[in-house]
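**Student:** 3D model of this:
(chains A and B)
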Amino acid sequence: MAEATLPHELPAVYEPSLFGTYSKKIGMWLFLLSDSLTFGALLYAYSYGRISTPNWPTPFHSESIINATIMTAFLLTSSLTMVMAVRAAVFGNAKAQRLWLLATMACGIGFVVLHGREWSKLIAEGLTLPVFPKLPGGETSSEFANVAKTVPQFPATFFGLTGMHMLHVSLGVVYLGIIALRRNFIPILLILWLAAWLGTPATSPFHYGAHVLLVAAIVCSIVLWLKPKVYDASDVEVAGLYWHFVDLVWMFIFPLVYLMSAKIL
Amino acid sequence: MEAFQEAIAERVAEQHRHHGKSQFLWVWIALLAMTAIEVYLTYQNMQPVRMLTILMGLSLVKAALIIGFFMHMKYELSRMKWLTMCALVACLALMMIFFPDALRILSLGVR
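**Tutor:** Down below sits the predicted model:
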């Protein structure tokens, strides 16, 4: 078998890509296709629960709908800034690329903060899961507490679906941070982790969920240490594909989970 | 290899030169407008099935705009477009096999 391998110093012959693009991009598309099946399964599970449950609740007041609409606007705007970052990268404008990437991250962080605030509000009102830490006030008798008791599929699918999406957005922000700032982003990520961990009460699921940022910081440090590089336009474009995908998934979660469960008075 | 990668990078740059900032801006405005329409329709007291159909229709249009323009799929080779999109749609459509079971539960109850 040894004679079949090419000597390293000889220039290898590569066939052009079947898809007319570079391998990183094809790899990301394949990942996104598999990830879309993950979200597809979660969305179908939500829909299955909704179809098979006659008394499916519609608990979201206009305040929640407005909040979710602002979150949607944040994500759509982040997609615009992301595409501008890709454009700047293609034209070799490094400064504009970094600024657009930072703007995209700011929109992503805005989305996560608004979503986290909404989760905290719902949990405080009694819409919770058995795995979440118990609130010090004990059982509440609000509308949401009643929903959690009578239709447990609702909080299970709601938190499962939106939590998975929030995780994707958070990791997307980390991904863009690494592309924009490389090693300089690691201390920022650690500060974000500390702020999220220490800034949330122990009864909040985000108190423990914040450790995702610590794990991300460790993984990113190892990757940057093992393979330090300057990210080029193709890396920005591939990161953009991931970010747009996260936006795309929300375009289905928003109407299906929020708008179809809006409380019409 | 390098020449090949450079040729691809040049092709990507060429695609970006063809569509300016205004195109992305229009797509963004269209996406925001469709979101506003969705929120408006939510409060119009429509039949749930009808509302779901309209909302999912709008979501599909929004998804097509994001994939086509923001993710640049519109400018990829047609074999890339067809292979990825057909595979995705086929897999997602296959998952619908579970829906009749949900309806069965609704009419018969869980046993």
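**Student:** what secondary structure does residue A:134 sit in?
**Tutor:** Using DSSP: H, G, I helix; E, B strand; the rest coil, the structure places residue A:134 in coil.
**Student:** what about the residue nearest to it when sequence neighbours are not counted, neighbour count?
**Tutor:** Distances taken as Cβ to Cβ, 6 or more residues apart in numbering or on different chains place residue A:203 nearest to residue A:134, at 7.1 Å, with adjacent residues excluded. No exception for glycine: its C-beta is placed from N, CA and C like everyone else's. Counted with other Cβ atoms under 10 Å in any protein chain shown, the neighbours of residue A:203 add up to 15.
**Student:** what stretches of the chain score poorly on pLDDT?
**Tutor:** All of this is about chain A. The model of chain A has pLDDT under 70 over residues A:1-15, A:137-141, A:264-265.
**Student:** please go with chain B instead
**Tutor:** B:1-19, B:109-111.
**Student:** mind listing the helices for it?
**Tutor:** Taking DSSP state H to define them, one finds helices in chain B at B:2-18, B:21-42, B:48-65, B:78-94, B:99-108.
**Student:** Would you format the ones you listed as a markdown table with mean neighbour count and distance to residue A:217 included?
**Tutor:** As requested, these are exported to a markdown table (neighbours: other Cβ atoms under 10 Å in any protein chain shown; distance: least, Cβ to Cβ, whole Å):
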| stretch | mean neighbour count | distance to residue A:217 |
| --- | --- | --- |
| helix B:2-18 | 13 | 31 |
| helix B:21-42 | 16 | 32 |
| helix B:48-65 | 16 | 32 |
| helix B:78-94 | 13 | 33 |
| helix B:99-108 | 12 | 42 |
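**Student:** Out of those helices, which is closest to residue A:28?
**Tutor:** helix B:78-94 (11.1 Å; Cβ to Cβ).
**Student:** So what touches the closest one?
**Tutor:** Identification of contacts with helix B:78-94 by Cβ atoms under 8 Å, 6 or more residues apart in numbering or on different chains yields A:18-21, A:29, A:33, A:36-37, A:40, B:67, B:73.
**Student:** Is it possible to get CSV of these that adds secondary structure and distance to residue A:122?
**Tutor:** Shown next, in CSV, are the contacts of helix B:78-94 (DSSP: H, G, I helix; E, B strand; the rest coil; distance: Cβ to Cβ, whole Å):
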residue, secondary structure, distance to residue A:122
A:18, coil, 47
A:19, coil, 43
A:20, coil, 46
A:21, coil, 42
A:29, helix, 35
A:33, helix, 32
A:36, helix, 27
A:37, helix, 28
A:40, helix, 25
B:67, helix, 31
B:73, helix, 36
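**Student:** Buried ones among those?
**Tutor:** A:19, A:21, A:29, A:33, A:36-37, A:40, B:67, B:73 (16 or more other Cβ atoms under 10 Å in any protein chain shown).
**Student:** Show me where the stretch 101-250 of chain A has its helices.
**Tutor:** With DSSP state H, counting those that start in this stretch as the criterion, the stretch 101-250 of chain A has helices at A:143-150, A:153-181, A:185-198, A:205-209, A:211-226, A:233-253.
**Student:** Make a markdown table out of the ones you listed and add distance to chain B.
**Tutor:** Converted to a markdown table, those look like this (distance: least, Cβ to the nearest Cβ, whole Å):
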| stretch | distance to chain B |
| --- | --- |
| helix A:143-150 | 15 |
| helix A:153-181 | 11 |
| helix A:185-198 | 24 |
| helix A:205-209 | 26 |
| helix A:211-226 | 21 |
| helix A:233-253 | 5 |
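**Student:** Out of these, which is the most enclosed?
**Tutor:** helix A:233-253 (a mean of 23; mean count of other Cβ atoms under 10 Å in any protein chain shown).
**Student:** between it and helix B:48-65, how big is the angle?
**Tutor:** 170 degrees (axes from the mean of the first three to the mean of the last three Cα atoms, to 10 degrees).
**Student:** and the residue lying closest to residue A:251 once chain neighbours are set aside, what does it touch?
**Tutor:** Leaving aside its sequence neighbours, residue A:251 sits nearest to residue B:62 (Cβ to Cβ, 6+ apart; 4.6 Å). Residues near residue B:62 by Cβ under 8 Å, 6+ apart: A:251, B:31, B:34-35.
**Student:** ok, 10 Å please
**Tutor:** Contact partners of residue B:62, counting by Cβ atoms under 10 Å, 6 or more residues apart in numbering or on different chains, are A:72, A:76, A:247-248, A:250-252, A:254-255, B:27, B:30-32, B:34-35, B:38.
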